[in-house]
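**Q** Build me a model:
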Amino acid sequence: MKKNHIKFGLLILCTLAFTLFTSCNKQSAEKAKEIDLSIYEKGDYFISPQELKSLLGSENLILLDCNNPKIYAKEHIKGAIGIGFHAFSEKVGKPGDPGWGTIKSKEELIKKLISLGIDNEKIVVLYSDLFKGPGADGRAAWQLRLAGMNNVKILHGGSTYWKELGYEMTKDITMKPNPSSSITLKDYDKSFMITKDELFENLDKKIVVDVRTKKEFDGSQNAGEPRGGHIKGAKHLVWTDLLNKNGTLKTPKEIEEIMGKMGISKKDDFTLY
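**A** Residues are numbered from 1 along each chain as shown. Predicted coordinates for the structure are as follows:
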């Protein structure tokens, strides 16, 4: 009987020690991974995982998952609404057709946003698994920002960093959002984009950077491109090269060094695609 008591006591001690060990590790990991987003010139475009975690469950938060629906079904952040890759884009016809993939008209975008419960007051946070997709959260945030929505943010590090911090993922189905009463959008800010015609007319004057994979740059059409290859004269930089392995942004200095090796500085006017 005494031996059994000793064994039971040791079991409790080991369990407590393991719990404390993992708890301390988790807390120290979270503290160690906190990143000051103000070091970035547009740091307000992002929200830290810690800040998002504190907002989960709030009626003031609209959380949008921009992953492939299969990835969303497998796991997502609690309360997130799955919107896929092209929620705010025109998709009439097929890739390569005029207008395909461009931002919806202002009227259609308003309808879409209202259906998702979005207005001008709530915080809208977008995220994706940055290494299992095309970074669709960045595209969606860009589209909403050019429509004048400053209440839109991207989760820094996406779901990769979220999970590294030990934060919960779930398969629970999120209830369909209640439509918002209204939303007001500004006329699209054209300084955020360039048309194909404008780029073609200025090819010899513009710096163009192809941020797709090397295979796509070299001609692969596996991602659905209507034509293989790249724009004549385009430089190549895979967009994930600007990220750390956990999905967080490299430091401003590191990004400047990467761009500098390509002959591009912050003062240059360049176009990404």
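**Q** where along this protein do the helices fall?
**A** 2-33, 49-55, 69-74, 106-115, 136-146, 158-164, 196-201, 214-218, 252-261 (DSSP state H).
**Q** Touching, Leu126 and Asn67? I think so.
**A** No - with contact defined as CB atoms under 8 Å, Leu126 does not reach Asn67; the gap is 10.6 Å. All C-beta spots, glycine's among them, are computed from the backbone N, C-alpha and C.
**Q** ok, residues contacting stretch 245-257?
**A** For stretch 245-257, contacts defined as CB atoms under 8 Å, 6 or more residues apart in numbering pick out 33, 35, 39-41, 46, 130-131, 156-161, 164, 242-244, 258, 265-266.
**Q** can you check stretch 106-115 too?
**A** Against stretch 106-115 from outside (CB under 8 Å, 6+ apart): 87-88, 103-104, 119, 143, 147, 177, 179-183, 185, 187-188.
**Q** Which positions in that stretch come out as buried?
**A** By 16 or more other CB atoms under 10 Å, the buried positions in stretch 106-115 come out as Leu109, Ile110, Leu113, Ile114.
**Q** could the residues you listed go into TSV alongside distance to Tyr72?
**A** Shown next, in TSV, are these (distance: CB to CB, whole Å):
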residue	distance to Tyr72
Leu109	22
Ile110	24
Leu113	19
Ile114	22
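**Q** Low-confidence regions, the stretch 1-150 of the chain specifically.
**A** 1-33 (pLDDT under 70).
**Q** change it to 80
**A** 1-34 (pLDDT under 80).
**Q** returning to what we had before: among the contacts of stretch 106-115, give me the pair with the biggest separation.
**A** Largest separation among those by CB to CB: Pro177 and Asp187, giving 26.3 Å.
**Q** More neighbours: which of those two?
**A** Pro177 (13 against 9; other CB atoms under 10 Å).
**Q** and the closest residue to Ser265 other than its chain neighbours, what is it in contact with?
**A** Computed as CB to CB, 6 or more residues apart in numbering, the closest residue to Ser265 that is not its neighbour in sequence is Met259, at 7.0 Å. With contact taken as CB under 8 Å, 6+ apart, Met259 is in contact with Leu237, Ser265, Lys266.
**Q** Quick one, which of the residues you listed are buried?
**A** Leu237.
**Q** any chance of the contacts of Met259 in a markdown table, plus pLDDT and distance to Lys78?
**A** Putting these into a markdown table (pLDDT from 0 to 100; distance: CB to CB, whole Å) gives the following:
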| residue | pLDDT | distance to Lys78 |
| --- | --- | --- |
| Leu237 | 96 | 35 |
| Ser265 | 92 | 42 |
| Lys266 | 88 | 38 |
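**Q** Asp204: which of the contacts of Met259 is nearest?
**A** Distances from Asp204 to the contacts of Met259, taken by CB to CB, are shortest for Ser265, at 19.4 Å.
**Q** Can you give me the distance of that closest one to Asp241?
**A** 17 Å (CB to CB, to the nearest Å).
**Q** count of residues packed around the nearest residue to Ser180 once chain neighbours are set aside?
**A** Excluding its sequence neighbours, the residue lying closest to Ser180 (CB to CB, 6+ apart) is Asp119, at 4.2 Å. When neighbours are counted by other CB under 10 Å, Asp119 registers 18.
**Q** what's near enough to touch Asp119?
**A** Contacts of Asp119 (CB under 8 Å, 6+ apart): Leu113, Ser180, Ser181, Ser182, Ile183.
**Q** Mark which of the residues you listed are buried, thanks.
**A** Leu113, Ser180, Ile183.
**Q** Run through the residues that contact the second one.
**A** What it means is Ser180. Leu113, Ile114, Leu116, Gly117, Ile118, Asp119, Lys122.
**Q** which one among those gets closest to Gly233?
**A** Leu113 (37.1 Å).
**Q** Next one: the closest one from Asp204, what distance?
**A** 39 Å.
**Q** what ranges do the strands span in the stretch 101-250 of the chain?
**A** Assigned strands in the stretch 101-250 of the chain, in chain order: 123-127, 152-155, 207-210, 235-236 (criterion: DSSP state E, counting those that start in this stretch).
**Q** Right, I'll call it a day here.
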